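# Here you go, sequence then predicted model.
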Amino acid sequence: MKSALVYQTLVLAALALVPGIGEALYFHDKISWRSSIPASEMVSVEQARAWGDSAIWVDARPDEDFAHNHVPGAFSLNEDRWNALLPQFLAAWSPSKKVVVYCSSLNCNASREVARRLRDEAQLKNVFVLEGGWEEWLKKK
Amino acid sequence: MRAQIFVFALSIVICAKAQAELKWEQTTIELRPTPADKQAIGHFKYQNMGDKSVHFKSVRTSCGCTAAQTQKDEVPPGDKGEITATFNIGDRTGTQVKTVTVETDDPASTTTVLTLKAVIPQQLAITPTFVFWQQGEAPNRKTIGVSAAKDFPVKHLKVASSSPDFEAKVSETGNGQFKISVQPKDTKQPFAATLTIQPEGSPKTFYATARVTTAPAINSR
Amino acid sequence: MTSATFNLKLRTSNILWRIVDLIVGGIFIYAGALKMFDPVRFASDIDNYKILPWTIGVALAFYVPWLEIFCGIALVLRFLYRGGLSILTALVLVFTLATVAAKVRGLDITCGCFGHASQHWSFPAHIATNLAILAALLALCFQAAAKRKAAH
């Protein structure tokens, strides 16, 4: 009797696994397993580097962090001084460029916010958030 | 069956026991800064209700723009205090949620997440904030939509272009909605201008950018 | 009591229990389907509870809705009935605990068993719904156990 219950439970648990996996495969590019942003809006350090000159780097960290060190050629664009910094970045942007936004680490939010504002407010296309941020960039230097 | 009832009963017992020694007056604070405010500050007050001292092990914030401050590292029984979370507004808009994670050696609850929610008024929504033409493209008009927040009545809008290369005209479409139509003189040379958008009677200025870009059209992705 | 009235009583009570089965099963099929259509949102809802790492949350977002649907169907069809009952009871317990834990930690959660349909529910409404469903499930468990005893 106990074993019948266990058996039923396992059968149901296994049954649900089938469409669950199917759905996971179907949604694979809509959601990232590593962080809470869709995979299509993220870019890895390797990929962003491979873009070479067609990438334009945006540093979403506060001014002090940018002053201390940053990705060579990156533009500082944080929400503390958004209005002052945005024109400088837009002056260097061109439609063929891919925008790579980073903040300090995997868990920081600033790059997502900056990327969102570039997409929604400035209506730029090809805006990506760097996976792992500055920490990851340093690690793979 | 028995086991399920047991688990249920146990869960109730666990919930009841989860009373922290360090009692927080509130763990969520919602602030509504005015457009003139530079900072939003939340005061999370606590009191040690237990009979032992509680030590703060760490106070971490979810992002660089929030600074949390403990007044003391040790809280003797019965003592009160507060953790201050300061949020620099900068040029942020909309609802900003920042968390402060507090770790203590209180055995009943070692980690507490304090939430500071700041609802920053967005007086004008400007979309897009950037218009561009590619070099050689026909210099047609492009439109920037401006809409005022419900509690921020705007009768009149002034728009100035930093360069005579762009012409910007405002038209009111009613109900706090405006249209700024932007047109470059020509698109032979790359150049840029900042459009200054000034609502009548507001101390705050808003910006948009207009540009003629150099790069040829590439349809990537 | 004649055997005829006894049978009638038994049948009415059986029908009543069937109705409870259908309602509870239906609720879970509905709740599961809602979340199944938008796993991305469900994943971020799970993430709001700040209990599980993101990756596990994503896995659950794909799996749990289907589990609810299948167990709901099991209840409706009375096929693999006891298995469905015990899984659902466990699920509701976990939901309730997670909601309470989130409340205790002062998190602002925008979700419950009904995906985003319940995002504006208050905490007491959440808990009340969860407990009502839990009570119905436990009653069904007792009923199933009693029946098995009677049959033996």
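Noted; the coordinates are in hand.
# Point out where the chain drops to low pLDDT.
In the absence of a named chain, this looks at chain A. Flagging of chain A using pLDDT under 70 yields the residue ranges A:1, A:35-40, A:107.
# look at chain C instead
Within chain C, the set of residues satisfying pLDDT under 70 comprises C:1-4, C:106-122.
# Surely residue B:207 is in a strand?
Yes. Under DSSP: H, G, I helix; E, B strand; the rest coil, residue B:207 falls within a strand.
# and it, what is it in contact with?
A:83, A:86, A:87, B:129, B:194, B:195, B:196, B:197 (Cβ atoms under 8 Å, 6 or more residues apart in numbering or on different chains). Glycine gets a C-beta too; all of them are placed from N, C-alpha and C.
# repeat that with 6 Å
Residues counted as contacts of residue B:207 (Cβ atoms under 6 Å, 6 or more residues apart in numbering or on different chains) are A:83, B:194.
# Model confidence score at it, please.
pLDDT for residue B:207: 91.
# beta partners of it?
In this entry, residue B:207 is beta-bridged to residue B:196, by DSSP bridges.
# for residue B:124, same thing?
residue B:148.
# Spit out the contact partners of it.
B:146, B:148, B:206.
# Quick check: the closest residue to the last one other than its chain neighbours vs chain C, distance?
When you say that, I think you mean residue B:206. Excluding the flanking residues, the one nearest residue B:206 by Cβ to Cβ, 6 or more residues apart in numbering or on different chains is residue B:197, at 4.2 Å. Using Cβ to the nearest Cβ, to the nearest Å, we find residue B:197 at a distance of 34 Å from chain C.
# Tell me the secondary structure at the residue in chain A that chain C sits nearest to.
Nearest residue of chain A to chain C, counting by Cβ to the nearest Cβ: residue A:8, 2.6 Å away. Using three-state DSSP, the structure places residue A:8 in helix.
# wait, isn't it in contact with residue C:78?
No. With contact defined as Cβ atoms under 6 Å, residue A:8 does not reach residue C:78; the gap is 11.7 Å.
# show me what contacts residue B:91?
By Cβ under 6 Å, 6+ apart, residue B:91 lies in contact with A:79, A:82, A:83.
# What parts of chain C come near chain A?
Within reach of chain A by Cβ under 6 Å from any Cβ of the partner chain, chain C has these residues: C:39-40, C:44, C:47, C:54-55, C:58, C:62-63, C:66-67, C:70-71, C:80, C:82-84, C:86-87.
# Go through the residues you listed and flag which are in helices.
Here DSSP state H is the test, and those give C:39-40, C:44, C:47, C:54-55, C:58, C:62-63, C:66-67, C:70-71, C:82-84, C:86-87 as lying in helices.
# Of those, grab the buried ones for PyMOL.
Filtering these down to the buried ones (16 or more other Cβ atoms under 10 Å in any protein chain shown) takes a single PyMOL command:
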select buried, chain C and resi 39+44+47+54+58+62+63+66+67+70+71+82+83+84+86+87
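# more crowded one of residue A:8 and residue C:78?
Taking other Cβ atoms under 10 Å in any protein chain shown, residue A:8 and residue C:78 do not tie; residue A:8 has more neighbours (20 against 13).
# contacting residues around residue B:166?
For residue B:166, the contact set (Cβ under 6 Å, 6+ apart) comprises B:182, B:184, B:193, B:210.
# Name the helix or strand for the last one, please.
To tie it back to what came earlier, the one meant is residue B:210. Residue B:210 belongs to strand B:206-213 when assigned by DSSP states H and E.
# quick check, stretch A:108-123 touching chain B?
Yes. Shown here: stretch A:108-123 in contact with chain B (Cβ under 6 Å from any Cβ) through A:109, A:121, A:122, A:123.
# Among those, which one lies nearest to residue B:177?
Comparing those against residue B:177 with Cβ to Cβ places residue A:121 closest, at 17.0 Å.
# burial measure for that closest one, as a count.
With neighbours defined by other Cβ under 10 Å, the count for residue A:121 comes to 18.
# So what does the residue lying closest to it once chain neighbours are set aside look like in phi/psi?
Distances taken as Cβ to Cβ, 6+ apart put residue B:129 closest to residue A:121, at 4.7 Å, once the chain neighbours are dropped. Per-residue torsions, residue B:129: phi -90, psi 0 (degrees, to the nearest 10).
# which residues sit in contact with residue B:176?
For residue B:176, the contacting residues are B:148, B:154, by Cβ under 6 Å, 6+ apart.
# what's the helix or strand for residue B:159?
Here residue B:159, judged by DSSP H and E, is contained in strand B:157-161.
# Give me the mean pLDDT for that strand.
Mean predicted lDDT for strand B:157-161 stands at 90.
# Over to stretch B:68-87?
For stretch B:68-87, the mean per-residue pLDDT is 85.
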